[in-house]
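**Student:** Here's a sequence, model it:
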Amino acid sequence: MKPFHIRLITLCVLVLLTALTRLLPHPPNFAPVAALALFGAALFERKVIGLLAPFAAMLLSDALIGFHGLMAYVYGSFALSWLLGLWIRKNPTVPVIGAASLLSSVLFFLITNFGVWYGSAYYPQNGAGLLACYVAALPFFQYSVLGDLVYTAVLFGGYYLLQQRYTALRPAR
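**Tutor:** Next up is the predicted model:
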């Protein structure tokens, strides 16, 4: 099998597994989508494919779970995670990958909860209301951080181990 086909199959499997994990029972926000965005930007030969992979996984699973009014905020936060993945691409060290994963969690928290607050009937549309929204979301933040760190470690670490065994997975440079 040609290296291109192996990489394409690997990409398709990652997208399908990412979508599947969103459909299986899991703690809130414990999902691999941000990790896939980081991974895709850092390691896919075509950067745009790295951006499309998490969006494809989200759209596939959202089609089954249901579309919602916060999708622009959620997808936007994953686009920013993809940008962080470009930082990893330039310096793929464990500390950089870990920092990008944590920063991705923080961005997701800030952006999506801003979306919950903005125009909400549940929170006053002022600084106190925004702060109350962020405080109410804190219990979910731990799951985002843990999920992002776990899935980032699995993707980057697993791929590193696969590259050691299968040279066809190594990027053509």
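**Student:** show me where the chain has helices.
**Tutor:** Defined through DSSP state H, the helices belonging to the chain, from first to last, are 3-23, 33-43, 47-65, 71-90, 94-117, 127-165.
**Student:** Tell me which of those sits most buried.
**Tutor:** Neighbour counts averaged per stretch over the helices of the chain are highest for helix 33-43, at a mean of 28; criterion: mean count of other C-beta atoms under 10 Å. In short, each C-beta sits where N, CA and C put it, glycine included.
**Student:** what's next to that one, contact-wise?
**Tutor:** By C-beta atoms under 8 Å, 6 or more residues apart in numbering, the residues outside helix 33-43 that reach it are 14-15, 18, 22, 47, 49-51, 53-54, 57-58, 77-79, 81-86, 88-89, 92, 97, 100-101, 104-105, 108, 144, 147-148, 151-152, 154-156, 159, 171.
**Student:** Show me how far that helix is from its chain's centre.
**Tutor:** 6 Å (C-alpha atoms, centre = their mean, to the nearest Å).
**Student:** Same question for stretch 92-105.
**Tutor:** Averaged C-alpha coordinates place stretch 92-105 at 12 Å from its chain's average position (C-alpha atoms, centre = their mean).
**Student:** before we move on, what about stretch 130-147?
**Tutor:** Worked out by C-alpha atoms, centre = their mean, stretch 130-147 lies 16 Å from the chain centre.
**Student:** ok so, going back, same list (the helices of the chain) but as CSV, adding mean pLDDT.
**Tutor:** Below are the helices of the chain laid out as CSV (pLDDT from 0 to 100):
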stretch, mean pLDDT
helix 3-23, 84
helix 33-43, 95
helix 47-65, 93
helix 71-90, 97
helix 94-117, 98
helix 127-165, 95
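**Student:** if I look at the spatially most central residue of the chain, how far off is residue 105?
**Tutor:** The centre of the chain sits closest to residue 34, judged by C-alpha atoms, centre = their mean, with a distance of 0.9 Å. Noted for residue 34: a distance of 7 Å to residue 105, by C-beta to C-beta, to the nearest Å.
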